[in-house]
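Enquirer: below are the sequence and a predicted model for it; my questions follow.
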Amino acid sequence: MEKVVLVTGANSGIGLALCERLLSQDGELRLCLACRNMGRAEAAKSALLTSHPQARVDLLHLDVGSARSVLRAAQEVKSRYPRVDHLYLNAGIMPNPKVDIKAFFKGLFSSNVINMFATAEGLLTQQDHLNSDGLQEVFATNLFGHFLLVRELEPLLGQEGHPSKVVWTSSSNALRSAFSLEDFQHRSGTEPYSSSKYASDLVSLALNRHHNAQGLFSSVICPGLVMTNLTYGILPSFFWSLLMPIMWFIRMFTNTLTLTPYNGAEALNWLFLQKPESLDSRAKYHSLTSGLGNNYTQPRQMDIDDETSEALYGKLLELEKVVRRQITEEAERQ
Ligand SMILES: NC(=O)C1=CN([C@@H]2O[C@H](COP(=O)(O)OP(=O)(O)OC[C@H]3O[C@@H](n4cnc5c(N)ncnc54)[C@H](OP(=O)(O)O)[C@@H]3O)[C@@H](O)[C@H]2O)C=CC1
Ligand SMILES: CC(C)CCC[C@@H](C)[C@H]1CC[C@H]2C3=C(CC[C@]12C)[C@@]1(C)CCC(=O)C[C@@H]1CC3
C-alpha cells in the first residue's frame, strides 16, 4: 500500500515546500494537505499538480486552532485512510510580533550576534488573545490542536509492522526561559510563540515515552530562519530588503539562516527517509545551509527533562478532558 502523509499548514511556506520535496521523492505517496483556508489549499494543490501531474493529493479542512475542527477533521481522516505513515505537525502562527530594536542593535555589536540571529532570544514578543474555546490562541494553534489531532489519530499511527512518524515543526526560538508549567498556555507572558514551541519539544519526548512501544515515533525539527508569511509579518518588507545583505553575510558564520522554504524543509524531508527506531527522542533535527548553499540536517540535544515533559503531558490530558466535555455539553444544548 502507498504511504499516507498528512501535513498541517501545507498551503504555504515550509509546509508547501515539504510537499513539493516529498512528491519529488516518492511518486506513489498519498499526500493530504490539511489547511484552514480551502481557497489557499486548492491553489497549493494546483501548484503541486503542475510539477507532479500524476500525484495523489487530497485536501482536508482543518483549523488546528479550533478543537471542534480538529475532532471533525480527525473523523474524516479515519474514514479516508487505513493508517497515517507520516504526520507533519507544521501549522503555526506568531500574531502581532514586536521586535525590540534597542536589543537588536545592542546584540548586533556583541559577541552574542550569531546566537541572536539563530534564536531571537531577547528580541521578540507577541500579543496573544483567547480563542473561541477559551484557550490562548498561540498555544491552541501551535500546540494543543496538534496534540488533540495526535490523540484522535492514535489508532492510525503505528500499526502492526508499520511504525508511524509524527514530526513537529519546532524552532530555535523554543526557549525554556519562556515556558512555565504553571502557566503552560502562556496567559501572562509576552513570548507565547517561544513557549508553545518549547512545549512541543516536551510533548514530543512524552509521546515517545508513552507510544514508542505501539510504533508511534515523534521527532522535532527546526527549519532555521526562513523567509515566509510568518517572518514577513515580523517586519515590513522594506526592512527585510535592508537586512538581506547582512543576513547573507552572517550566513558565512552560522548555518541557521536557511532563508528559503526549500532549505527550511531539509530536516522534515530528511526525517521522511529515516528509520524511526534510529531517531533520538532528545534531539532536535536542524535544517542547516552552508555559506555555499549546501543543505544538511544536524541533530542537537534539546534543553528538556523527563519530569517537566511528563508533567506537561499530564496537564494536556486533563485539558483535553475539559475541552471534550465542553464540546459535548454545547452539542447537547443545541
Ligand atoms: N519561518 C521561519 O523562520 C520559522 C518557522 N517555523 C515554523 O514553521 C512552521 C511553518 O511556518 P512558515 O512556513 O514559516 O509560515 P507560513 O505562515 O508560510 O505557514 C504557516 C502555515 O500554517 C497555517 N496555519 C496557521 N494557522 C492555522 C490554523 N489555525 N489551522 C490550520 N493551519 C494554520 C497557515 O495557513 P494560512 O495560509 O491559512 O495562514 C500556513 O499554511 C510554523 O510552525 C512556524 O512556527 C519555525 C522556525 C522558523
Ligand atoms: C530591527 C531590525 C533592524 C532587525 C531585526 C531582526 C529580526 C527581525 C530577526 C533576527 C533573528 C530572527 C529570528 C526570527 C524572526 C526574525 C528575527 C527576530 C525567528 C524568531 C522566526 C521564527 C522562529 O521560529 C525562529 C526565528 C529565529 C530568528
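Expert: Cool, the structure landed. Ligands and ions are numbered 1, 2, ... in the order given.
Enquirer: how about the contacts made by the residue in the chain that ligand 2 sits nearest to?
Expert: With CB to the nearest ligand atom as the measure, residue 171 is the residue of the chain nearest to ligand 2, at 3.2 Å. Every residue, glycine included, has its C-beta placed from N, CA and C. Each residue near residue 171 by CB atoms under 8 Å, 6 or more residues apart in numbering is listed here: 193, 194, 197, 222, 223.
Enquirer: grab the nearest non-local neighbour of the second one.
Expert: When the adjacent residues along the chain are set aside, residue 194 lies closest to residue 178, with 3.7 Å between them (CB to CB, 6 or more residues apart in numbering).
Enquirer: buried residues in the longest helix along the chain?
Expert: Looking across the chain with DSSP state H, the single longest helix is helix 306-333. By neighbour count on 16 or more other CB atoms under 10 Å, the buried set for helix 306-333 is 308, 309, 312, 313, 316, 319, 320, 323.
Enquirer: repeat that for stretch 73-86.
Expert: For stretch 73-86, the neighbour count (16+ other CB under 10 Å) marks 73, 74, 76, 77, 81, 83, 84, 85, 86 as buried.
Enquirer: again, but for stretch 244-260
Expert: 250, 251, 254, 255, 256, 257, 258, 259, 260.
Enquirer: and the fifth one, what's its pLDDT?
Expert: Looking at residue 256, its pLDDT stands at 94.
Enquirer: contacts only, for residue 92.
Expert: Contacts for residue 92 (CB under 8 Å, 6+ apart) come out as 9, 141, 142, 169, 230.
Enquirer: out of the residues you listed, which are buried?
Expert: Neighbour counting by 16+ other CB under 10 Å classes 9, 141, 142, 169, 230 among the contacts of residue 92 as buried.
Enquirer: surely the first one and residue 91 touch.
Expert: It refers to residue 9. Yes - between residue 9 and residue 91 there is a contact under CB atoms under 8 Å: 3.0 Å.
Enquirer: my reading is that residue 6 lies in a strand. Confirm?
Expert: Yes - membership of residue 6 in a strand is supported by DSSP: H, G, I helix; E, B strand; the rest coil.
Enquirer: who's in contact with it?
Expert: Here residue 6 is in contact with 32, 34, 60, 77, 84, 86, 87, 88 (CB under 8 Å, 6+ apart).
Enquirer: closest to residue 212 out of those?
Expert: residue 87 (15.1 Å; CB to CB).
Enquirer: the closest one: neighbouring residues, count only.
Expert: 27 (other CB atoms under 10 Å).
Enquirer: that one pairs with what?
Expert: residue 6, residue 166 (DSSP bridges).
Enquirer: that one against residue 168, yeah?
Expert: No - when contacts are counted by CB under 8 Å, residue 87 is not listed as touching residue 168 (9.6 Å).
Enquirer: tell me which parts of the chain are close to ligand 1?
Expert: Within reach of ligand 1 by CB under 6 Å from any ligand atom, the chain has these residues: 8-9, 11-15, 35-37, 40, 62-65, 90-93, 141, 169, 171, 222-223, 225-226, 228-231.
Enquirer: show me how to select, in ChimeraX, the buried members of these.
Expert: To isolate the buried members of the residues of the chain next to ligand 1 in ChimeraX, using 16+ other CB under 10 Å:
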select :8,9,11,12,13,14,15,35,36,62,63,64,65,90,91,92,93,141,169,171,222,223,225,226,228,230
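Enquirer: which ones among the residues of the chain next to ligand 1 map onto helices?
Expert: 13, 14, 15, 40, 229, 230, 231.
Enquirer: pick out the most distant pair among those residues.
Expert: Most distant of these, by CB to CB, are 40 and 231, 17.8 Å apart.
Enquirer: where do the helices sit along the stretch 1-150 of the chain?
Expert: Secondary structure of the stretch 1-150 of the chain (DSSP state H, counting those that start in this stretch): helices located at 13-25, 38-51, 67-80, 101-108, 113-119, 137-139, 145-153.
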